[in-house]
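> Please find the sequence and the predicted model below.
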Amino acid sequence: MSEPLWLVVPAAGQGRRMGAARPKQYLPLAGRPVLAHTLARLHGALPEARLCLCLDPDDAHFDPAWVPFADWRRVAGGAERADSVANALAAISGEATEQALVLVHDVARPCVTAADLRRLCEALSDDPVGGLLAAPVADTMKRDDGAGRVAATEARAGLWHALTPQGFRYGLLRRALAAAVEAGVTVTDEASAVEALGLAPRLVPGRRDNLKITHPEDLALAEQILIAQRAESSIHPGRGDTRPTRQRS
């Protein structure tokens, strides 16, 4: 029997940069909350995965009807993303084995495609460290001087935008997050915690339209991406694939 795949979706943030009356995961996107779109995308590619959804304990907006997974649980979110992920890992400590693959995905990335999700799982199936979806930097990168002016232009060769999901073995990820807390390391994503152990996560090329909704204008952009992906999928099946598919064993 194959090892179960675990999904952790931190969704306890308040999304203050959006300047909205509710957290960004509950803002409407093409007629449904952002959270509902994200979970539907994950389920479409990985329907047999086990989901840990990290929510604020006082969350009054969540509706369980938005969760398409048969095996899922609600976990209390923490003050920071890393705290939510650590809570989820603790919640499944009696079920997940040390070698179980855990994918962590931003709730604010509703445009991730099934093809990218399957590609990541395949790439990490036998990787001893783990890795993440990422896209090479295409823009010229500027470093500011702290006063709103350019201090330097950074070489973009070898630079990547970190995307999600990011996937690591249960035991390694739990150790990495605990070690980061003990060392006082700021964890901006799961990969940075694993890197702090001296390991090198694998970069798995992903689509640039795996947008993270952060600012108000991102909602309109995400809606256009969803429309374009559906059109692409109808013309080139599999390329912009957003259709449900069965998870590989």
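Structure's in. What do you need? Residues are numbered from 1 along each chain as shown.
> Secondary structure element holding residue 118?
Per DSSP states H and E: residue 118 is located in helix 114-124.
> What residues sit buried inside that helix?
114, 115, 116, 117, 118, 119, 120, 121, 123, 124 (16 or more other Cβ atoms under 10 Å). Where C-beta positions appear, they are placed from N, C-alpha and C, glycine not excepted.
> From the residues you listed, pick the one nearest residue 89.
Nearest to residue 89 out of those is residue 124 (Cβ to Cβ; 16.9 Å).
> Identify the residue nearest that closest one in space, chain neighbours excluded?
In this structure, residue 124 finds its nearest non-sequential neighbour in residue 167, 4.9 Å apart by Cβ to Cβ, 6 or more residues apart in numbering.
> Doesn't the one you found belong to a strand?
Yes: assessed by DSSP: H, G, I helix; E, B strand; the rest coil, residue 167 belongs to a strand.
> Pretty sure residue 226 sits against residue 37.
Yes: look at residue 226 against residue 37 with Cβ atoms under 8 Å: they come within range, at 7.4 Å.
> if we can go back for a sec, so what secondary structure elements neighbour the helix holding residue 118?
Contacts defined by 3 or more Cβ pairs under 8 Å, 6 or more residues apart in numbering; DSSP states H and E place helix 114-124 against helix 34-45, strand 101-104, strand 131-136, strand 160-169, strand 202-205.
> 7 Å instead?
Applying 3 or more Cβ pairs under 7 Å, 6 or more residues apart in numbering; DSSP states H and E, one finds that helix 114-124 makes contact with helix 34-45, strand 131-136, strand 160-169, strand 202-205.
> C-terminal to the last one, what's the next element?
When you say that, I think you mean strand 202-205. Moving toward the C-terminus from strand 202-205, the next helix or strand (DSSP H and E) is helix 217-235.
> mind listing what's buried in that following helix?
For helix 217-235, the neighbour count (16+ other Cβ under 10 Å) marks 218, 219, 222, 223, 225, 226, 229, 232, 233 as buried.
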